[in-house]
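**Student:** Below is the structure, and that's it, no one-letter string:
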C-alpha cells in the first residue's frame, strides 16, 4: 500500500467540485462541494449518537440503511441545517432533487451533508444555484478534490485529505477521503464530516462492516472539546470501477481492504485532532497493559479528554498527577500503584511515573518534550495485554476566542 496524490477523486470513476456559493456572508472561502460516482456505488454510513440529529443525518441514515447504492453527495458549509424541523427535512429533499435533476439520477441516490451554525435554515436559493454550478464544474482531477476538501471547512485551518493505492487479487485499487472537523469534536461516532471513495468492488454487507468496525478505533477515538456534534457523518462509496474480483466474503482481500480503510480513517482522525480549534499541537495518548480492550479505550480517551491535562500540555507542564487522575475516573480497572507514564515527542522520551510514583526526572527535559508537535503520553496500566490510542489536542486561549465569536 502506498500513499498517492489526491483525495476523493483518486479512485476511478469519481468526480468532485468545490465552489463559493455565497452561504457564508462576506467571506471569500468556498462553501459547497459535490462528489459524484459515474456509476452506481455501494454505500455505507455512520452517524452521530447525539439525540439531536440534524436533518441531513436523518436523510442520509434512511438512504444508507434502505438503499444498496447511491451516486452523489452534496455538502454545504456555513449552515448546519440542525434543529430546523420539517423545513430542514424538506430542504434536504430539495437539495437532493436539484442535484438529481442536473446529474440525471434519482433523488434517493443523492446524500446530503451540512456543517455550520445550528438553528439557521439553509438559504435554498443559494443552495440550488450552488448545486447547478457544482454539477457543471465536476472533474476527476487532483485540483477538483482539493477544491472539494477546502469547500467543506468551517473553523478548520487546513484541508484534510488522503489517498492510498494497493493491490487486491492482482488488481490495483484506490481509496481516498476527505473530512472536516476542528471544534465540537468528541468521541461518539465520527464527530465531524467525512467522505471516503473507493473503486473497490465489495458487497454492501462487508462495506458496512468494514466502516462501522474501523470507526471504533479511529474517528471514535478523537476529542477536541468534549462536545458531540448534531451533524456527525461519515459516508463511504464503493463503485467497483477497479475491476477486482468482488469482495463478497471475509478473507485476505477483505482484510487488506480494511487495512487500507484504517489508514485513511486514522490519517483523517489525527488530522482533525491536530487541527482542533485554537490548538498548537496534536496530543496522542497510548494506553497499554489494560485488562480489556474496553479498559484500554476508557483510559486513553479519559486522558485525552481531560481539560486539565490538555491545558498542561499547552503550558508545557509535565503535570502527571492530572494524567493519573483522569485514568482514575475513567471507569477502567487497574492498580494505580503499578502505573507507568511516559512522555514522548521528537525531542525524546521520558518516564515521569514508575509504579504510580514520580521518577527523578528533569523538568527542563520534560518541558522540551512538551514543546514539540505532536506530544505523546504513554500510560501503562500493567493489568493485561490490551491497548488503544486516542487523539486530541492542547487547550488554549484561542479556543475560547474562536467559540465566543463563532456566530459573529
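**Tutor:** Received, thanks. Owing to the predicted nature of the structure, the values given are computational and were not obtained by experimental measurement. Residues are numbered from 1 along each chain as shown.

**Student:** what's the closest non-adjacent residue to residue 250?
**Tutor:** residue 206 (7.1 Å; C-beta to C-beta, 6 or more residues apart in numbering). Glycine gets a C-beta too; all of them are placed from N, C-alpha and C.

**Student:** Now do the SS call for that neighbour.
**Tutor:** helix (DSSP: H, G, I helix; E, B strand; the rest coil).

**Student:** Hmm, it is touching residue 248, no?
**Tutor:** Yes. Here residue 206 reaches residue 248: they are 7.2 Å apart, a contact under C-beta atoms under 8 Å.

**Student:** neighbour-wise, which of those two wins?
**Tutor:** residue 206 (21 against 13; other C-beta atoms under 10 Å).

**Student:** How about the contacts made by the more buried one?
**Tutor:** 247-250, 254 (C-beta atoms under 8 Å, 6 or more residues apart in numbering).

**Student:** separation between it and residue 174?
**Tutor:** 18 Å (C-beta to C-beta, to the nearest Å).

**Student:** list the contacts for residue 168?
**Tutor:** Per C-beta under 8 Å, 6+ apart, neighbours of residue 168: 200, 242, 244-245, 247, 253, 256-257.

**Student:** Could you rerun that using 6 Å?
**Tutor:** 244, 253, 256 (C-beta atoms under 6 Å, 6 or more residues apart in numbering).

**Student:** Out of these, which comes closest to residue 302?
**Tutor:** residue 256 (33.1 Å; C-beta to C-beta).

**Student:** List the buried residues in stretch 67-79.
**Tutor:** 67, 69-79 (16 or more other C-beta atoms under 10 Å).

**Student:** For the top helix by length along the chain, name the packing helices and strands.
**Tutor:** If you go by DSSP state H, the chain has its longest helix at helix 252-274. With contacts taken as 3 or more C-beta pairs under 6 Å, 6 or more residues apart in numbering; DSSP states H and E, helix 252-274 sits against strand 160-168, strand 171-180, helix 204-215, strand 386-393.

**Student:** Now with 8 Å, please.
**Tutor:** In terms of contacts (3 or more C-beta pairs under 8 Å, 6 or more residues apart in numbering; DSSP states H and E), helix 252-274 is packed against strand 160-168, strand 171-180, strand 193-198, helix 204-215, strand 282-290, strand 386-393.

**Student:** just those: most buried one?
**Tutor:** Mean neighbour count (mean count of other C-beta atoms under 10 Å) peaks for strand 193-198 among the helices and strands packed on helix 252-274, with a mean of 29.

**Student:** Read off the pLDDT value for residue 188.
**Tutor:** Note on residue 188: pLDDT of 47.

**Student:** in the stretch 151-300 of the chain, which ranges drop under the pLDDT threshold?
**Tutor:** Confidence mapping of the stretch 151-300 of the chain against pLDDT under 70 gives the ranges 182-191, 224-230, 276, 278.

**Student:** right, I mislabeled it, should have said the stretch 1-150 of the chain
**Tutor:** 26.

**Student:** sorry, back to before: name only those of the contacts of residue 168 that count as buried.
**Tutor:** 244, 253, 256.

**Student:** Spell out which residues sit in contact with the first one, please.
**Tutor:** With contact taken as C-beta under 8 Å, 6+ apart, residue 244 is in contact with 168-169, 171, 173, 200-201, 253.

**Student:** Go ahead and confirm residue 45 touches residue 59.
**Tutor:** No. Between residue 45 and residue 59 there is no contact under C-beta under 8 Å: 10.6 Å.
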